[in-house]
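> Structure for this input, please:
(chains A and B)
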2 protein chains.
Amino acid sequence: MSARRLRLIEPFHAMALLARARRLEAEGHSVVHMEIGEPDFVTPRPIVEAGMRALDGGQVHYTPATGLPQLRDALAGYYRDHFGVEVDPRRILVTPGASGALMLALALFVESGVEVMMTDPGYPCNRNFVYLFDGTPVAVPVGAEQRYQLTPALLQQYWSERTRCLLVASPSNPTGTRIESGVLSELHRLVRARGGHMIVDEIYQSLYYGERPQTALALGDDLFVINSFSKYFGMTGWRLGWLVAPPEYVERLDVLAQNLYLAAPTPAQHAALAAFTDDSLEILEQRRHEYRRRRDYLLPALRRIGFDIPVEPDGAFYLYADCSRFSADSFAFANALLEEAGVALTPGIDFGRYRAETHLRIAYTTSQDRLQEGVERIAAFVDRLAGSEPGSTSGK
Amino acid sequence: MSARRLRLIEPFHAMALLARARRLEAEGHSVVHMEIGEPDFVTPRPIVEAGMRALDGGQVHYTPATGLPQLRDALAGYYRDHFGVEVDPRRILVTPGASGALMLALALFVESGVEVMMTDPGYPCNRNFVYLFDGTPVAVPVGAEQRYQLTPALLQQYWSERTRCLLVASPSNPTGTRIESGVLSELHRLVRARGGHMIVDEIYQSLYYGERPQTALALGDDLFVINSFSKYFGMTGWRLGWLVAPPEYVERLDVLAQNLYLAAPTPAQHAALAAFTDDSLEILEQRRHEYRRRRDYLLPALRRIGFDIPVEPDGAFYLYADCSRFSADSFAFANALLEEAGVALTPGIDFGRYRAETHLRIAYTTSQDRLQEGVERIAAFVDRLAGSEPGSTSGK
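Sure thing, here's the model as predicted:
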């Protein structure tokens, strides 16, 4: 007899789709990958070289559970230099990926009977971590009218006596939209007034395409902020993230970290020390501009084909597109698109329930050439759909 | 208001002791470290170089959640070549440390109302992972008379209707003793007859000083076996382990892995591919012999001083010593030994409750020279105790 959580934690549908895409490729078919949630770039060379030097120099033993002190200092420096916010390095825990940070923060509060509020659509691991700890995710439906983000009115509507945490992501995966700073501040005020805790996922924070966003840490020292070296810094496989916590929780988080994972990977921590140098940041900023160019190509191209993308995403590397003009079943649409046209996308079902069957996440984590090829294939596919299979357009 | 688990998961006392030792060293005092649970050796050079090559070659993206296929194959080859046991590589999940493996296995079964049987003394994270998932650890007191391991009689005595898993470690941390193969087989039979699941921690398996132990996997494919690249392979900071699971659980474990940590660190997985080469194994076997030499020095030396170590440990790098001739409070003894004699040990309280106040864990993860220095300091310290403070020997 298995634990109840196993019936609640669903596999990512994107994984089955990715596996199918890999099989098609192994059979000699060409697939354009627009489903992948990690940078196509490799880690910037200065970071890689710092990692190699660390290995060469024997940096292979455990670090403290809270992370290398010099990396915690460097992260505090990052907040000071780039956001003008003073963060005590003792509040920063280096974690094995943002996954480790999310697990730590939720382990503090979530247990049977506890509700955690989040958006639908949202990152699927969020609700699954809540299930892991036998809590109840409260998935608040958000649409284009809310920029796919929680609003103060929705918070007031969905908050119950059992709600202990609000988890928001800015920018959001899968929608790429940010929370406006006034809204974030008001959400923070409301959560605090209810004695709750606010967890802000800033994993995609530095991948912005408009005005530079402020960190939620500017609002006070009572928030939990999750971040990662994976996306902006291009270090996915190294498994390195961080958590900024209110001072009074640090000691308990340290104990949890000792027990749950001992410490984040040591070579990755040493490599990350080189992430904040001018050399690395110059490469990373070039890549950010490249993502913006891709977005600026892909967004109008998909709109022209007939996808509805009402809110311009201002961060991350995703577009969240309404495909109801073509299909009322985005999962079937994604499968057919892969099989018949060789383009892999992620169906909305991976991100929740709300309007999931009419939405797709489209990632621009592949080159401009491949994106163009993908757009052409999608355009031809929907043309064929419209011509030969009127049944498939029943969602319109 | 925090989750209930936070009141149950205790910090490691060894951590406070280690922090104090570091402060003493920073002040210029000399400390002999016999408290540290990781090899003093760095990772073997062929493994380090494989890691550097992987980084240089851009191996920095996510792997599948179950691990690199070629590493799973290599692990199956390790079981075949070194233990004569066929393990389907699809049953092997590569994990972020043995911590990741233990978390996965327990997440399958543990929830409120579920008991997990383990030994007292035992590795502290074991009970804390059970608390993490709101289960109840049943810590069965074991002493020298049971070689600090569970026996069929104890299993029958402590198993209840709520017990769903048995977790054993062979060799054990903190005692270094193995489960005899006949006992392990009988425990397995009893657990199976009760519809339970058996989890065997083989983290220290390849650090053996007598006859080569067989893996529990030889008993059948219905066991969970946890292992790690940390101890024998000298890769602690890389955070890499593995879990061998019954075939019917692999799919659910894959889903859990996707959600809990995405994948183990990629550079570490590529480096570990070099762990099974003749070059690496030659270095590792030399180190194993060096650990045996240290044990063969330290065990009689501590017995001569007056510590009672009734069972010769046949694996790992720990001695579990009864200090009741000198003190009835091993925690106070460890603190005084550190402050007054500059030797760091781990008090029994970190490993459970049973006879904890009269036991200490002594690690031989430092050089022969330092061990000799440590022994001399301990001998002088207990002499002073005996001479000047008869009150301190009240435990005798």
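> Write out the residues of the stretch 251-396 of chain A neighbouring chain B.
For the stretch 251-396 of chain A, the contact set with chain B under C-beta under 8 Å from any C-beta of the partner chain comprises A:252, A:254-256, A:258-268. Bear in mind the C-beta positions are built from the backbone N, C-alpha and C, glycine included.
> if you look at those residues, which of them are in helices?
Among these, the ones falling in helices (DSSP state H) are A:252, A:254-256, A:258-260, A:266-268.
> Of all the helices and strands in chain A, which has the lowest average confidence?
helix A:13-26 (a mean of 88; mean pLDDT, DSSP states H and E).
> roughly how far is it from the heart of the chain?
Relative to its parent chain, helix A:13-26 has a centroid offset of 21 Å by C-alpha atoms, centre = their mean, to the nearest Å.
> list the helices and strands the helix or strand hosting residue A:126 packs on?
Using DSSP states H and E, residue A:126 sits within helix A:124-132. The contact analysis (3 or more C-beta pairs under 8 Å, 6 or more residues apart in numbering or on different chains; DSSP states H and E) places helix A:124-132 against helix A:5-8, helix A:97-109, strand A:115-120, strand A:136-141, helix B:250-260.
> Reformat those as JSON lines; add mean neighbour count and distance to residue B:57.
Shown next, in JSON lines, are these (neighbours: other C-beta atoms under 10 Å in any protein chain shown; distance: least, C-beta to C-beta, whole Å):
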{"stretch": "helix A:5-8", "mean neighbour count": "16", "distance to residue B:57": "37"}
{"stretch": "helix A:97-109", "mean neighbour count": "26", "distance to residue B:57": "22"}
{"stretch": "strand A:115-120", "mean neighbour count": "23", "distance to residue B:57": "38"}
{"stretch": "strand A:136-141", "mean neighbour count": "19", "distance to residue B:57": "40"}
{"stretch": "helix B:250-260", "mean neighbour count": "22", "distance to residue B:57": "25"}
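> what's the neighbour count on the residue of the stretch 251-396 of chain A found nearest chain B?
Ranked by C-beta to the nearest C-beta, the top residue of the stretch 251-396 of chain A for proximity to chain B is residue A:266, at 3.1 Å. When neighbours are counted by other C-beta atoms under 10 Å in any protein chain shown, residue A:266 registers 24.
> What of residue A:10?
For residue A:10, the count of nearby residues is 15 (other C-beta under 10 Å).
> So it lies in a helix, does it not?
No: Residue A:10 is assigned coil when assessed by DSSP: H, G, I helix; E, B strand; the rest coil, not a helix.
> For it, give me its contacts.
By C-beta atoms under 8 Å, 6 or more residues apart in numbering or on different chains, the residues touching residue A:10 are A:124, A:128, B:255.
> What are the boundaries of the helices in the stretch 101-250 of chain A?
For the stretch 101-250 of chain A, the helices defined by DSSP state H, counting those that start in this stretch cover A:124-132, A:152-158, A:181-193, A:250-260.
> tell me the most buried of those helices?
Each of the helices of the stretch 101-250 of chain A was scored by mean neighbour count; the highest is helix A:124-132, a mean of 23, by mean count of other C-beta atoms under 10 Å in any protein chain shown.
> on that earlier part again, can I get the contacts of residue A:10 in TSV including pLDDT and distance to residue A:276?
What follows is those, written out as TSV (pLDDT from 0 to 100; distance: C-beta to C-beta, whole Å):
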residue	pLDDT	distance to residue A:276
A:124	93	31
A:128	96	32
B:255	95	36
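> which residues does the closest residue in space to the residue of the stretch 251-396 of chain A closest to chain B that isn't next to it in sequence contact?
Nearest residue to residue A:266, sequence neighbours excluded (C-beta to C-beta, 6 or more residues apart in numbering or on different chains): residue B:237, at 3.1 Å. For residue B:237, the contacting residues are A:59-63, A:263, A:265-267, by C-beta under 8 Å, 6+ apart.
> Any buried residues in the helix ranked longest in chain A, and which?
Longest helix of chain A, by residue count under DSSP H: helix A:278-305. Buried residues in helix A:278-305, defined by neighbour count with 16 or more other C-beta atoms under 10 Å in any protein chain shown: A:280-281, A:283-284, A:287-288, A:291-292, A:294-295, A:298-299, A:301-302, A:305.
> Next one: the residue of the stretch 101-250 of chain A found nearest chain B from residue A:308, what distance?
Of all residues in the stretch 101-250 of chain A, residue A:237 sits closest to chain B, at 3.1 Å by C-beta to the nearest C-beta. Using C-beta to C-beta, to the nearest Å, residue A:237 is found at 35 Å from residue A:308.
> How about residue A:5?
Residue A:5 is 36 Å from residue A:308, where distance means C-beta to C-beta.
> Please apply the same query to residue A:341.
Counting by C-beta to C-beta - residue A:341 and residue A:308 are separated by 20 Å.
> and if you look at residue A:198?
31 Å.
> Looking at those two, which is more packed in?
Higher neighbour count among residue A:198 and residue A:308: residue A:198, with 23 against 14, using other C-beta under 10 Å.
> Give me the contact list for the helix holding residue A:126.
Contacting residues not belonging to helix A:124-132 are listed as A:5, A:8-10, A:12, A:99, A:102-103, A:106, A:110, A:116, A:118, A:136-137, A:139, A:167, A:169, A:201, A:350-352, B:107, B:133, B:259-260 [C-beta under 8 Å, 6+ apart].
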